[in-house]
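Enquirer: give me a 3D structure for the following:
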Amino acid sequence: MARTAYSAEGAVAVGPYSHAVDAGQTIFFSGQTPIDPATGELVKGNIAKQTEQCFCNLFQVLQAAGLTSDDIVKVTVFLTDMADFKAMNEVYAKQFQVPYPARTTIGVAALPLGANVEIEMIARKATKSGE
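Expert: Take a look at the predicted model:
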């Protein structure tokens, strides 16, 4: 099966991977760290600012795939410090409408480039009947 990949100017790849890959009705979005696409550097500031930048990057790829946040069915959040969970969660809650996507939050020892948060998503394309 040939892969259909999506890329977005507002997202940065720091390795040999696609921003997102289409697998039929399901789109898998690679994890995004809080890299500012204008500078290529990690966003400075607290976990809220970093989480916002992760979503900005992800939603750029989502838009390139012709989807919206309503199409997201699963999110995985990686945090280097679980003490940041509450602040991350406050930003996260503003990104989606009820019912929220399924989610897993995982505490990790380290992330690429020294990021404190990385977020990946899975989306589902609407069928022709809108389901």
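Enquirer: tell me the contacts of residue 84?
Expert: Contact analysis of residue 84 by CB atoms under 8 Å, 6 or more residues apart in numbering lists 47, 116, 117. In this view, the C-beta of every residue, glycine as well, is placed from N, C-alpha and C.
Enquirer: quickly list what the last one is bridged to.
Expert: In other words, residue 117. residue 79 (DSSP bridges).
Enquirer: in contact with it, which residues?
Expert: The contact partners of residue 117, taken as CB under 8 Å, 6+ apart, are 33-34, 47, 50-51, 54, 77-80, 84, 88, 111.
Enquirer: recalculate using a threshold of 10 Å.
Expert: 31-34, 47-48, 50-54, 77-81, 84, 87-88, 91, 105, 108, 111 (CB atoms under 10 Å, 6 or more residues apart in numbering).
Enquirer: then the second one?
Expert: Residues near residue 116 by CB under 10 Å, 6+ apart: 33-34, 42-43, 46-47, 50-51, 54, 78-81, 84, 88, 110.
Enquirer: which two from the residues you listed end up farthest apart in space?
Expert: Using CB to CB, the pair of the contacts of residue 116 lying farthest apart is 46 and 110, separated by 18.5 Å.
Enquirer: just the helices in this protein please.
Expert: Using DSSP state H, the helices of the chain run over residues 47-64, 85-93.
Enquirer: and the longest one, what does it pack against?
Expert: In terms of contact count using 3 or more CB pairs under 10 Å, 6 or more residues apart in numbering; DSSP states H and E, helix 47-64 is assigned the packing partners strand 4-6, strand 20-23, strand 26-32, strand 35-36, strand 72-79, helix 85-93, strand 117-124.
Enquirer: among these, which is the most enclosed?
Expert: Highest mean neighbour count of those: strand 117-124, a mean of 22 (counted as mean count of other CB atoms under 10 Å).
Enquirer: centre of the chain to that one, how far?
Expert: Its chain's C-alpha centre and that of strand 117-124 lie 4 Å apart, by CA atoms, centre = their mean, to the nearest Å.
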